[in-house]
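>>> For reference, the sequence and a predicted model appear below.
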Amino acid sequence: MLSDVIQVVKFLREGYSALAQLHQEQRKQLASLCEGISDVFTKVLATPADRRQEIGLCGELKVYVERIHQVGSGTLASEGIDDLANKLDTLCETMRALRGKGEPSTHSYEGYLDQIAQGAGEFRGLARRLGL
C-alpha cells in the first residue's frame with residue numbers, strides 16, 4: 001500500500017544520520033530520485049483515470065526503483081533504501097487496484113488521492129533534506 005511507502009520515506013527522513021553516511025554523490029543521486037518520484041506522484045494526481053498514462057507513469061516509477069537499488073547498494077542506509085525500493089516496486093499494482101475500486105467522486109478514491117499527495121510531499125521533503 002501507499003501508506004507503507006510513506007512510512008518508509010518518513011523512516012528514512014527521520015533516520016537521516018544513516019543517509020548522511022552516504023557519499024555526497026550518492027546523496028545527490030538519491031535526492032534527485034526522490035524528487036523524480038515526487039513528480040511521478042504529482043502527475044498521477046493530475047492524470048484522469050487513463051490506463052495508458054498510468055502504465056507510462058508506472059514504467060517511469062520502475063526506473064526510479066532500479067536506480068534506488070543501485071544508489072543504496074553497499075551503504076549503511078541500504079536496508080532502508082532497499083525497503084523503499086521494494087515497496088515502490090509493488091505500488092503500481094496497488095494503484096491499479098485502488099483505481100478500480102472507486103470513481104473520483106467517491107470517498108475511497110479521495111483517500112487514495114490524499115495518500116498520493118502526502119507521498120509526493122514526503123519524497124520532495126526527503127529530496128530537500130538530502131540536499132537537492
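Sure thing, it's come through.

>>> quick check, distance from the helix or strand in which H69 is found to the centre of its chain.
Assessed by DSSP states H and E, H69 sits inside helix 51-72. Here the centre of helix 51-72 is set off from its chain's centre by 9 Å, with C-alpha atoms, centre = their mean, to the nearest Å.

>>> Same check on stretch 112-126?
The mean C-alpha position of stretch 112-126 is separated from the chain mean by 8 Å, C-alpha atoms, centre = their mean.

>>> Quick one: find the helix or strand in this protein with the lowest mean pLDDT.
helix 16-20 (a mean of 70; mean pLDDT, DSSP states H and E).

>>> List the contacts of the helix or strand following that one.
On the C-terminal side of helix 16-20, the closest following helix or strand by DSSP H and E is helix 24-46. Around helix 24-46, the neighbours that count as contacts under C-beta atoms under 8 Å, 6 or more residues apart in numbering are 9, 19-20, 22, 54, 57, 60-61, 64, 67-68, 71-72, 75, 81, 88, 95, 113, 116-117, 119-121, 123-124, 126-128, 130-132. C-beta here means a position set from N, CA and C on the backbone, and glycine is covered the same way.

>>> Please type out the PyMOL selection for whichever of these turn out to be buried.
Entered in PyMOL, the line below selects the buried ones among those, by 16 or more other C-beta atoms under 10 Å:
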select buried, resi 9+19+22+54+57+61+64+67+68+71+72+75+81+88+95+116+119+120+123+124+126+127+130+132
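
>>> Can you give me the neighbour number for Q21?
12 (other C-beta atoms under 10 Å).

>>> Report pLDDT for it.
At Q21, the predicted lDDT confidence score is 73.

>>> So for this protein, the centremost residue is which one?
I37 (5.0 Å; C-alpha atoms, centre = their mean).

>>> what about that residue, distance to V9?
9 Å (C-beta to C-beta, to the nearest Å).

>>> joint contacts of these two?
With C-beta under 8 Å, 6+ apart as the test, I37 and V9 both reach F123.

>>> okay, and for the chain, where does confidence drop off?
1-2, 11-12, 14-18, 48-51, 75-77, 95-109, 132 (pLDDT under 70).

>>> at 80 what do you get?
For the chain, the stretches flagged by pLDDT under 80 are 1-22, 47-55, 57, 69, 71-113, 131-132.
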